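K.L.:
Based on what follows, work out the 3D shape:
(one chain, ligands or ions: 1)
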Amino acid sequence: QAAPVVAIDGPSASGKGTVAARVAAALGFAYLDSGALYRLTALAAQRAGVDWADEERVAAIAAALDVEFLENEIRLDGQLVGDAIRTEAMSAGASKVAALPAVREALLFRQRAFNTKPGLVGDGRDMGSVIFPHAPLKVFLTASAEVRAERRYKQLIEKGLSANLTDLLLDLQQRDERDSQRSVAPLRQERDAKLLDTTGLTIEQAVDQVLVWSREAL
Ligand code: C5P
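P.N.:
Numbers count the residues shown, from 1 in each chain. All right, here's what the predicted structure looks like:
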């Protein structure tokens, strides 16, 4: 019997990664950053000189990914990836390869394999709709596009990277559009998902709300 899953889906830079990781820590559950798998696929394809639109070859790369999730790091082909998957270029690449059905198929069972005891918090776009449809708690975590662009901007500046707020907002909107309009596993709020709008919330408030719901649902 599978262990309980908290499925957290939502658009880019909504804060779901941070919230999901903290909820997982509070519950003592494992944490799946599913977006990282699409980012790693995009990175591995780029390193292999494979075009992000080449569905067959990108899917083969996704199926064969040699990846290891550590506490706060990820190893790809035995090497730490660091921020190489967090660049804006890899954000765009991830959302492109994620639109290919064969790539999603290739990553399906890899994601389900994270569902071990005592439980899992998964964050992504299709945790509640496709990967863990029987999750006892599904959260759709969002925030206004402006607030999300500002959060991403602050993150990049804090890392000492350069950033332009207008460009970030435009990128986010394009990515939202691509993620919501694609034919496979589009981003949308499931009927049985609880809506958490974090526009006016702190991370702590968002985490607390998910934990309240977890106590009710698990
Ligand atoms: O969550 P993150 O921004 O890291 O995800 C990167 C991209 O991967 C998203 O823009 C989306 O296109 C894709 N993705 C997805 N399904 C998931 C997680 C991420 O399609 N479950």
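K.L.:
Grab the longest helix from this structure for me.
P.N.:
Ordering each helix of the chain by length in residues (DSSP state H) puts helix 165-181 first.
K.L.:
Is the residue nearest to Arg57 when sequence neighbours are not counted in a helix, a strand, or coil?
P.N.:
Excluding the flanking residues, the one nearest Arg57 by Cβ to Cβ, 6 or more residues apart in numbering is Val50, at 4.7 Å. Using the backbone N, CA and C atoms, a C-beta is placed for each residue, glycine as well. Of the three states, Val50 takes coil according to DSSP: H, G, I helix; E, B strand; the rest coil.
K.L.:
Now Val50. Its backbone dihedrals?
P.N.:
phi -100, psi 130 (degrees, to the nearest 10).
K.L.:
Name the helix or strand for the residue lying closest to Pro101 once chain neighbours are set aside, please.
P.N.:
Spatially, and ignoring its direct neighbours in sequence, Pro101 is nearest to Val184 (4.7 Å; Cβ to Cβ, 6+ apart). Using DSSP states H and E, Val184 is not contained in any helix or strand.
K.L.:
OK, contacts around Val184?
P.N.:
When contacts are counted by Cβ atoms under 8 Å, 6 or more residues apart in numbering, Val184 touches Ala99, Pro101, Arg104.
K.L.:
List the ones among those that fall in helices.
P.N.:
Per DSSP H, helices hold the following members of those: Pro101, Arg104.
K.L.:
Close to the ligand: what parts of the chain are there?
P.N.:
For the chain, the residues in contact with the ligand (Cβ under 6 Å from any ligand atom) are 12, 34-35, 38-39, 91, 94-95, 98, 124-126, 175, 179.
K.L.:
Throw these into TSV and include secondary structure and distance to Ser214, thanks.
P.N.:
Below are the residues of the chain next to the ligand laid out as TSV (DSSP: H, G, I helix; E, B strand; the rest coil; distance: Cβ to Cβ, whole Å):
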residue	secondary structure	distance to Ser214
Ser12	coil	24
Ser34	helix	19
Gly35	helix	21
Tyr38	helix	26
Arg39	helix	27
Ser91	helix	29
Ala94	helix	28
Ser95	helix	29
Ala98	coil	27
Gly124	strand	18
Arg125	coil	21
Asp126	coil	20
Arg175	helix	28
Asp179	helix	25
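K.L.:
Can I get those residues in JSON lines including distance to Thr202 and pLDDT?
P.N.:
What follows is the residues of the chain next to the ligand, written out as JSON lines (distance: Cβ to Cβ, whole Å; pLDDT from 0 to 100):
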{"residue": "Ser12", "distance to Thr202": "19", "pLDDT": "87"}
{"residue": "Ser34", "distance to Thr202": "24", "pLDDT": "97"}
{"residue": "Gly35", "distance to Thr202": "22", "pLDDT": "97"}
{"residue": "Tyr38", "distance to Thr202": "28", "pLDDT": "98"}
{"residue": "Arg39", "distance to Thr202": "26", "pLDDT": "97"}
{"residue": "Ser91", "distance to Thr202": "24", "pLDDT": "89"}
{"residue": "Ala94", "distance to Thr202": "27", "pLDDT": "96"}
{"residue": "Ser95", "distance to Thr202": "27", "pLDDT": "91"}
{"residue": "Ala98", "distance to Thr202": "29", "pLDDT": "96"}
{"residue": "Gly124", "distance to Thr202": "23", "pLDDT": "96"}
{"residue": "Arg125", "distance to Thr202": "24", "pLDDT": "95"}
{"residue": "Asp126", "distance to Thr202": "27", "pLDDT": "96"}
{"residue": "Arg175", "distance to Thr202": "24", "pLDDT": "88"}
{"residue": "Asp179", "distance to Thr202": "25", "pLDDT": "89"}
